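In: I would like to see how this sequence folds:
(one chain, ligands or ions: 1)
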Amino acid sequence: MTSSPVDPTTTTSWGDLYAHYQEFRGDLRAWFAADPGRAERMTHVAGDLHVDLSKNLATDETLGLLVRLAQEVRLPERIEAMFTGEHINATEDRAVLHTALRRAPGTQPPLVVDGQDVDADVQSELDKLSAFADQVRDGSWTGVTGKPVRTVVNIGIGGSDLGPVMVYEALKPYGRPDLEVRFVSNIDPTDVAQKTADLDPETTLFIVASKTFGTLETLTNARLARAWLWERLIAAGVIEDDPDAKQAAVKAHFVAVSTALDKVADFGIDPANAFGFWDWVGGRYSVDSAIGTSLAIAFGPAVFRDLLAGFRAVDEHFRSAPFEANVPVLMGMLNVWYVNFLGAHTHAVLPYAQQLHRFPAYLQQLTMESNGKSVRWDGSPVTTQTGEVFWGEPGTNGQHAFYQLIHQGTRLIPADFIALATPAYPLTDGTGDGKAVAAGADVHELFLANFFAQTKALAFGKTADEVRAEGTPEEIVPARVFSGNRPTTSIIAPALTPSVLGQLVALYEHITFVQGVVWGIDSFDQWGVELGKKLALEVAPAVSGDDAALAAQDSSTQALIRYYREHRA
Ligand code: F6P
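Out: Model prediction:
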């Protein structure tokens, strides 16, 4: 059994942080003016990630107190407990070992947890999925009519979808034009219908990805996909409409990823074509398990292993770097400072990389399903606010949508800006000199200029005198003043390689963990999604016409269902 959480509010550092907060006046202009070493001192490196914390609303004293708080809530002990497989997922009595998925092969001593040789199992499953990915890629895995696979459709939801989609979009330049992956997640039948509409069933492979293999959306979509496959193959005259032929089609066109291999067999998928993982991998922490099978197919097993190596680099940093230079610890503790002392409710993540356009959505599950809790891991109520809302869009799209509120609104919105020094597509604008818009700027440089300018504007703002000096009429001076002191963290890496992507994901996994430890919550369960799931099954008969079931609903739900029944075309 895991140790009791420390109530952070009872620690001396919390009291000291509160006293510090009461006299705190964020003044980034003054801090930078008085201290030329601030940026260098507050910049840290984790793997290939260069992380500048200096534009945060924090002094050296703030960071020192936050590091002390991390010690007082026994973060070092919790980190070790996670990496060594203690059952820190208390409400499910499970180890939390996503970090074991990316341990280097042959690491000594081997990791044995609850009698399981974790390293051996991880490597053997990785080898199995790599061999399968190679077969699909070299055309030796064929559909029922002998044709190679051209499209993979991953059917999953939550962690069985968001991670793979995010990585697929991010690493597309590593893909092959003749091998596409599509993702179906929503139980809205539109999703399956649109994603399969133009596909050739003979060259389509479905991966049913579900940790539990009991998720309504995924199993429903898998059945829809199976019906589509049979219907289209029969209509094309390439298989007979008989059970054996249909079974052979499922065998050639469906594989599964799950921890529940018995349920996979019940669906009709050959267990030989199923890739497993373990209950100590949370869904939202599973992209680096067999849940990433679609990625190993799309990009090849070597790229998938590079992704894992990136995760590992940040794992090692998190486990070994002193807290004063430990990026996930510092970023997590700054988030605690913003949520619990400065009153932030949300946190923006703004990648200046179109390839990372699904990264904020991925992070929403990672952070909010992990830390959106009101009780601690021992069942007692939390003693502080928890789980801020994470959100974001890629720059520069966000600049023309919601940045106004970040710059001049009344709310404090800490933001992480992420950029890559080298673009995936080094395009020029056709003018020959790349100077069409700004002197000396090629298109990627112009893009990055926005990244640098935004964090600068947010930090330092623009005073009324500066606005006046531009000749602005007095009556609109207030509207054009920027207060500054809007906190940002800048994360830059050389390029969006598989390794760098793995590093970014591991960084946020560990930031999430750090915050959860301070708040005393189990960041690895998700009981909050259960009630809605259960009620959907209870309400379904009422929707389908069962009047007794309808009468059992509250008046609002009854009226809404009646509306549906009357208006359905
Ligand atoms: O939303 C709840 C949840 O359990 C997530 O944690 C998980 O990623 C998702 O559902 C899908 O679950 P499964 O992979 O078991 O289908």
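In: ranges for the strands of the stretch 201-350 of the chain?
Out: 204-209, 254-258, 274-276, 346-352 (DSSP state E, counting those that start in this stretch).
In: send the alpha carbons of the longest one over as PDB?
Out: In PDB, the C-alpha atoms belonging to strand 346-352 read as follows (Å, rounded to 0.1, in the frame of the first residue of the first chain):
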ATOM      1  CA  THR A 346      -6.300  27.500 -17.100                       C
ATOM      2  CA  HIS A 347      -3.000  26.800 -18.900                       C
ATOM      3  CA  ALA A 348      -2.400  27.300 -22.600                       C
ATOM      4  CA  VAL A 349      -0.100  25.100 -24.600                       C
ATOM      5  CA  LEU A 350       0.800  26.800 -27.900                       C
ATOM      6  CA  PRO A 351       3.000  24.800 -30.300                       C
ATOM      7  CA  TYR A 352       4.600  26.800 -33.100                       C
END
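In: report all helices and strands that that strand contacts.
Out: helix 359-364, strand 389-391, strand 415-422, helix 443-460 (3 or more CB pairs under 8 Å, 6 or more residues apart in numbering; DSSP states H and E). Where C-beta positions appear, they are placed from N, C-alpha and C, glycine not excepted.
In: next up, the contacts around I155.
Out: Residues near I155 by CB atoms under 8 Å, 6 or more residues apart in numbering: 184-185, 206-209, 218, 221-222, 225.
In: indicate which one of the strands of the stretch 201-350 of the chain is closest to the ligand.
Out: Comparison of the strands of the stretch 201-350 of the chain against the ligand by CB to the nearest ligand atom identifies strand 204-209 as nearest, at 6.6 Å.
In: what pairs with that closest one, parallel or antiparallel?
Out: Sheet pairing of strand 204-209 (DSSP bridges) gives strand 151-155 (parallel), strand 254-258 (parallel).
In: tell me which of the ones you listed sits most buried.
Out: Sort these by mean neighbour count, taking mean count of other CB atoms under 10 Å, and strand 254-258 sits at the top with a mean of 26.
In: of the contacts of I155, closest to E393?
Out: When the contacts of I155 are compared for distance to E393 (CB to CB), S185 comes out closest, at 19.5 Å.
In: low-scoring stretches of this protein, by residue?
Out: Flagging of the chain using pLDDT under 70 yields the residue ranges 1, 430-441.
In: any residues of it in contact with the ligand? List them.
Out: Residues of the chain lying close to the ligand by CB under 6 Å from any ligand atom are 157-160, 210-212, 215, 218, 283-284, 369, 526, 529.
In: buried residues of stretch 199-207, list them for me.
Out: For stretch 199-207, the neighbour count (16 or more other CB atoms under 10 Å) marks 199, 201-207 as buried.
In: out of those, what pair is the most spread apart?
Out: Longest span within those, CB to CB: E202 and I207, 17.1 Å.
In: show the contacting residues for L496.
Out: 170-171, 353, 355-356, 420, 424 are the contacts of L496 under CB under 8 Å, 6+ apart.
In: among the residues you listed, which two are most distant?
Out: The widest separation within the contacts of L496 (CB to CB) is 12.6 Å, between L171 and L420.
In: circling back to that earlier point, mind putting the strands of the stretch 201-350 of the chain in a markdown table, distance to T9 included?
Out: Putting those into a markdown table (distance: least, CB to CB, whole Å) gives the following:
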| stretch | distance to T9 |
| --- | --- |
| strand 204-209 | 41 |
| strand 254-258 | 41 |
| strand 274-276 | 42 |
| strand 346-352 | 21 |
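In: circling back: just among the contacts of I155, which is most surrounded?
Out: A209 (33 neighbours; other CB atoms under 10 Å).
In: report how many residues lie close to T384.
Out: 15.
In: what about it, which SS state?
Out: Classification of T384 by DSSP: H, G, I helix; E, B strand; the rest coil places it in coil.
In: so where do the helices sit in the stretch 1-150 of the chain?
Out: Here the stretch 1-150 of the chain has its helices, by DSSP state H, counting those that start in this stretch, at 12-22, 28-34, 38-41, 60-72, 75-83, 118-138.
In: turn those into a markdown table, including mean neighbour count.
Out: Formatted as a markdown table, the helices of the stretch 1-150 of the chain follow (neighbours: other CB atoms under 10 Å):
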| stretch | mean neighbour count |
| --- | --- |
| helix 12-22 | 16 |
| helix 28-34 | 14 |
| helix 38-41 | 14 |
| helix 60-72 | 19 |
| helix 75-83 | 18 |
| helix 118-138 | 17 |
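In: want to throw these into CSV with distance to S544?
Out: Below are those laid out as CSV (distance: least, CB to CB, whole Å):
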stretch, distance to S544
helix 12-22, 53
helix 28-34, 59
helix 38-41, 62
helix 60-72, 52
helix 75-83, 45
helix 118-138, 39
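In: narrow the residues of the chain next to the ligand to just the buried residues.
Out: 157-160, 210-211, 215, 218, 283-284, 369, 526.
In: filter those down to just the ones in helices.
Out: T218 (DSSP state H).
In: which residue is the nearest non-sequential neighbour of whatever residue of the stretch 201-350 of the chain ends up closest to the ligand?
Out: Of all residues in the stretch 201-350 of the chain, G283 sits closest to the ligand, at 2.5 Å by CB to the nearest ligand atom. The shortest distance from G283 to any non-neighbouring residue, by CB to CB, 6 or more residues apart in numbering, is to G159 (3.0 Å).
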